[in-house]
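Trainee: Quick one: sequence plus predicted model below, questions after.
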Amino acid sequence: MLDVANVEISFGGLKALDNVSIHVEEGSICSLIGPNGAGKTTLFNVITGVLRADAGVVKFLGKDITRLRPYQICRAGIAKTYQLRNNFPNLTVFENIRSGFLKDALTKKERMRRTHEILELLGLRDKADTVVSNLPPLDSKLVDLGRALATSPKLILLDELIGGLLPAETDHVCDIVLDLRDRGYTIFQIGHEMKPIMRTSDKIFVLDQGCPIAEGTPQEIRTNPAVLACYLETEEE
Ligand SMILES: Nc1ncnc2c1ncn2[C@@H]1O[C@H](COP(=O)(O)OP(=O)(O)O)[C@@H](O)[C@H]1O
Ligand SMILES: [Mg+2]
């Protein structure tokens with residue numbers, strides 16, 4: 001579904017991505033992990049057209065999207081949630097989700113039906129009329145996901161959606177991510193905590209200082225010496 005081939009990008013003298021190639025299979029949950037500053041968010045910005053790569057190609061459903069603008073990439077079917085919360089705090093949950101729909105994509109009636117569907121899917125139905133600034137962090141994150149879902153994406157990029165949550169909340173978000181995959185969405189997520197990544201991923205890619213150092217199933221990544229050396233050793237319990 002998504003093919004990133006030999007992508008490179010530098011910020012001044014810093015090579016933030018160095019020959020990165022990644023393949024995300026349709027209907028799967030793929031994860032991107034690596035230490036802080038590895039280039040994970042930068043890769044999402046390249047995929048969504050926010051940053052332009054110095055070299056390399058990004059293909060989505062066989063089509064070259066490398067030079068498209070962010071709104072064109074969103075219309076093509078890629079939605080993203082941000083590492084920092086990115087909703088309208090003074091609007092209600094319902095209004096936030098409604099703000100995600102693409103212009104002219106659905107009729108008013110369809111939008112209404114779809115908004116209720118998304119609220120249901122995320123367990124936010126009882127909070128539809130709550131102003132987002134009054135929500136706990138978990139629900140506020142889910143509102144971001146709801147806005148992404150409103151764009152009717154095929155591929156959803158989640159930048160640390162799971163993070164800074166209590167264990168039970170993390171499990172809840174994992175369940176939602178797995179449910180989305182079962183509903184036919186393809187997920188590409190950036191994660192920091194290993195447990196939820198291991199639980200949800202079909203495939204994991206590891207970046208370190210802009211370079212891909214490993215890819216494989218959770219089991220393969222768990223035992224990969226290069227990964228253990230650069231990343232996991234600080235996370236093991
Ligand atoms: N717009 C930018 N300008 C300059 N440097 C940047 C910019 N965006 C990211 N970087 C740098 O690129 C590296 C990768 O950052 P980032 O992709 O945010 O890492 P991660 O998400 O893996 O923690 C870091 O060293 C960061 O400081
Ligand atoms: Mg990041």
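Mentor: Sure thing, it's come through. Ligands and ions are numbered 1, 2, ... in the order given.
Trainee: going forward, measure contacts and count neighbours with C-alpha atoms only.
Mentor: Will do.
Trainee: can you list contacts of the longest helix seen in the chain?
Mentor: The longest helix of the chain (DSSP state H) is helix 167-182. When contacts are defined by C-alpha atoms under 8 Å, 6 or more residues apart in numbering, helix 167-182 is touched by residues 27-29, 121-122, 138, 162-163, 186-187, 196, 199-200.
Trainee: Using JSON lines, lay out the residues you listed together with neighbour count and distance to ligand 1.
Mentor: What follows is the contacts of helix 167-182, written out as JSON lines (neighbours: other C-alpha atoms under 10 Å; distance: C-alpha to the nearest ligand atom, whole Å):
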{"residue": "27", "neighbour count": "18", "distance to ligand 1": "24"}
{"residue": "28", "neighbour count": "21", "distance to ligand 1": "22"}
{"residue": "29", "neighbour count": "24", "distance to ligand 1": "19"}
{"residue": "121", "neighbour count": "14", "distance to ligand 1": "28"}
{"residue": "122", "neighbour count": "20", "distance to ligand 1": "26"}
{"residue": "138", "neighbour count": "18", "distance to ligand 1": "21"}
{"residue": "162", "neighbour count": "25", "distance to ligand 1": "14"}
{"residue": "163", "neighbour count": "19", "distance to ligand 1": "13"}
{"residue": "186", "neighbour count": "25", "distance to ligand 1": "20"}
{"residue": "187", "neighbour count": "28", "distance to ligand 1": "17"}
{"residue": "196", "neighbour count": "18", "distance to ligand 1": "18"}
{"residue": "199", "neighbour count": "13", "distance to ligand 1": "21"}
{"residue": "200", "neighbour count": "20", "distance to ligand 1": "20"}
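Trainee: Can you tell me which residues in the chain are near ligand 1?
Mentor: 11, 16, 36, 37, 38, 39, 40, 41, 42 (C-alpha under 6 Å from any ligand atom).
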